[in-house]
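J.: coords please:
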Amino acid sequence: MIEISVYNAQKNFGFKRVLDGFDLEATTGERIALIGPNGCGKTTLFKIIAGEENLDQGMVSIRKNATIGLLSQIPPKVNDEVTVKDILLKTFDEIFKLEKQLREYEEKLANVSPDKLDSVLKAYGKLQERFANMGGYDIDEKVSKICNGFKIADEMLDRSFNTLSGGEKTIVNLASLIISNPDILLLDEPTNHLDIDTLEWFEQFLANYKGTVIISSHDRYFLDKVATKTVLIDKGKSEVYHGNYSYYLKESERRALAEFDEYKNQQKQIEAMKAAVKKLKEWGERGDNPRFFRRAACIERKLEKMELLDKPDSKKQLPLDFEINGRSGKDVLVVDDLGIVIGDKVILDGAELYLKYGEKVCLMGKNGAGKSTFIKAILYGDNVYQGEIKIGSNVSIGYIPQEIHFEDENATVLDTARKFFDGTETHLRASLAKFLFYGENVFKRVGKLSGGEKVRLKLFELIQKKANLLILDEPTNHIDIDTKEMLEEALSDYKGTLFFISHDRYFINKLAERVINIEDAKFHQYLGNYDYFKEQKVKKMESSDLSHSRRK
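T.: I've put the predicted structure just below:
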């Protein structure tokens, strides 16, 4: 059954046309990945489907009586009195009214006269049946299951929603949306702020979801696990791929090659026809024969009527080339018996780690395990109470933090870049343009840049530094898929040492030769990428369950 139909959708914002003849069809049970670069119109399309924006032209049809749930990237504003529990239970208002009526009828039944008992019982039975059909008896179990999945602790339920962090708000809104169980789920970047354990639970949940799901996400591993169809927004139009993200990659490459071959063949045909026209005209002039001119005119008419194919666009490439200014010694980082404490919380206790030159190592761990804290201990020596961190000889460090800030947030992009760029103003402007800072963009205040723009500027800075040890804390946050793939390619070719934190499983699989996971305040080593790490964790769990059952 068709749940959503979008036909010839057009939407303008000022002089910019975001959607330009966009088509989409979603059927019951489909899980659609909506992809495209930042600013291509994904969020706009969600708002149009949800009825929050109007089309300038075209049509949107939603199945009659279908319910829609939209997860926005920006949490809605609520009063300070609204608690987390209120947000989670807001879709059950009608059920709670019924429950109140049931309690009132139960009081009546306790005091009703015998002659009115049958009528009151009958009305009570109808209410009870309606209450059951609406899932009234399953609310507690349903809410508990979703809260456990999203790790929403009981103590958070009575907190004011407005006191939560941005990440916590997103998780609570996502949980509330899932609890409401709409026919159509529109999820705009739902994986932001979810740790890997929660992501895997959520993937399984969506795989079993009975309704229709459309997801915009930069998490390619997540899209691979969940999506049954991929829709690319390209120049305001849709390209449909009947498979997950990995299928899209292979199929889009095949289509691009086929389009380029078709374009080249047409260009060869055009050149051949033009050459034929030229020869025919030359022969006609030599022999004063009008037949040659008529034949040339016939070919020219065919050329005029020919539908010319556009040359396929090549993707914009950021010049990410991480050179090094001299290599370091063999031992890049040695951590011996390290202890880190913040307040009363022990982050690391007796941790050991060795990082060799040229390795690419991913540091993993649950949210709050101490990954960023350990990075800051390497850089600044913060919170270390025992053991030591030795940085090897000739090591130069390039660092991108999870939350990017610049020394002077009021400085422009141009002024900020000038501090670490060695070259003329003309050369600097040209280099910044390759990182998509051109025209008036170079005069933006760095404090006002978007998350993706900050990452691009920080990458530009990192490239100038030519460090032989890159320490990257969640480098793929805020950047679109195309930029992630460029970054992966550049880091794959990097000759220095790479030590990075990431929740992006696709990114980890592409780069990591070794995974260090923080478990029980210690570093545990896995000699492979994310898939290997996951496989070993499952084996470890199965082995633990087996030994436990034997002891029983």
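
J.: Which strands or helices does the longest helix that the chain contains pack on?
T.: When the chain is parsed with DSSP state H, its longest helix is helix 245-287. Applying 3 or more C-beta pairs under 8 Å, 6 or more residues apart in numbering; DSSP states H and E, we find helix 245-287 packed against strand 31-35, helix 220-226, strand 229-234, strand 237-241, helix 290-305. For glycine as for every other residue, the C-beta is placed from the backbone atoms N, C-alpha and C.

J.: among these, which is nearest residue 355?
T.: Comparison of the helices and strands packed on helix 245-287 against residue 355 by C-beta to C-beta identifies helix 220-226 as nearest, at 25.0 Å.

J.: contacting residues around the residue nearest the centre of the chain?
T.: Nearest to the mean C-alpha position of the chain, counting by C-alpha atoms, centre = their mean, stands residue 218 at 2.4 Å. Counting by C-beta atoms under 8 Å, 6 or more residues apart in numbering, residue 218 touches 189, 476, 479-481, 484.

J.: Please dump the residues you listed into TSV; it should also carry secondary structure and distance to residue 463 for every row.
T.: Converted to TSV, the contacts of residue 218 look like this (DSSP: H, G, I helix; E, B strand; the rest coil; distance: C-beta to C-beta, whole Å):
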residue	secondary structure	distance to residue 463
189	coil	27
476	coil	17
479	coil	15
480	coil	19
481	helix	21
484	helix	17
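
J.: Residue 381: which of these is nearest?
T.: The closest of the contacts of residue 218 to residue 381 turns out to be residue 476 (C-beta to C-beta; 27.5 Å).

J.: Just confirm the closest one contacts residue 507, I think it does.
T.: Yes - the criterion here is C-beta atoms under 8 Å, and residue 476 meets it with residue 507 at 5.3 Å.

J.: how about the helices in the stretch 301-450 of the chain?
T.: Assigned by DSSP state H, counting those that start in this stretch, the stretch 301-450 of the chain shows helices spanning 371-380, 413-418, 425-434.

J.: what packs against the first one?
T.: Using 3+ C-beta pairs under 8 Å, 6+ apart as the contact test, the elements touching helix 371-380 are strand 331-342, strand 345-356, strand 360-364, strand 384-391, strand 397-400, strand 469-473, strand 497-501.

J.: Can you show me the CA trace of it as PDB?
T.: C-alpha atoms of helix 371-380 as PDB (Å, rounded to 0.1, in the frame of the first residue of the first chain):
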ATOM      1  CA  LYS A 371      37.800   8.600  25.700                       C
ATOM      2  CA  SER A 372      38.000  12.400  25.400                       C
ATOM      3  CA  THR A 373      39.400  12.700  28.900                       C
ATOM      4  CA  PHE A 374      42.200  10.400  27.900                       C
ATOM      5  CA  ILE A 375      43.000  12.500  24.800                       C
ATOM      6  CA  LYS A 376      43.200  15.600  27.000                       C
ATOM      7  CA  ALA A 377      45.500  13.700  29.400                       C
ATOM      8  CA  ILE A 378      47.800  13.100  26.400                       C
ATOM      9  CA  LEU A 379      47.700  16.700  25.200                       C
ATOM     10  CA  TYR A 380      47.700  18.500  28.600                       C
END
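
J.: tell me which residues in it are buried?
T.: Within helix 371-380, the residues scored as buried using 16 or more other C-beta atoms under 10 Å are 371-378.

J.: Quick check: which ranges of the chain have low pLDDT?
T.: 314-316, 544-552 (pLDDT under 70).
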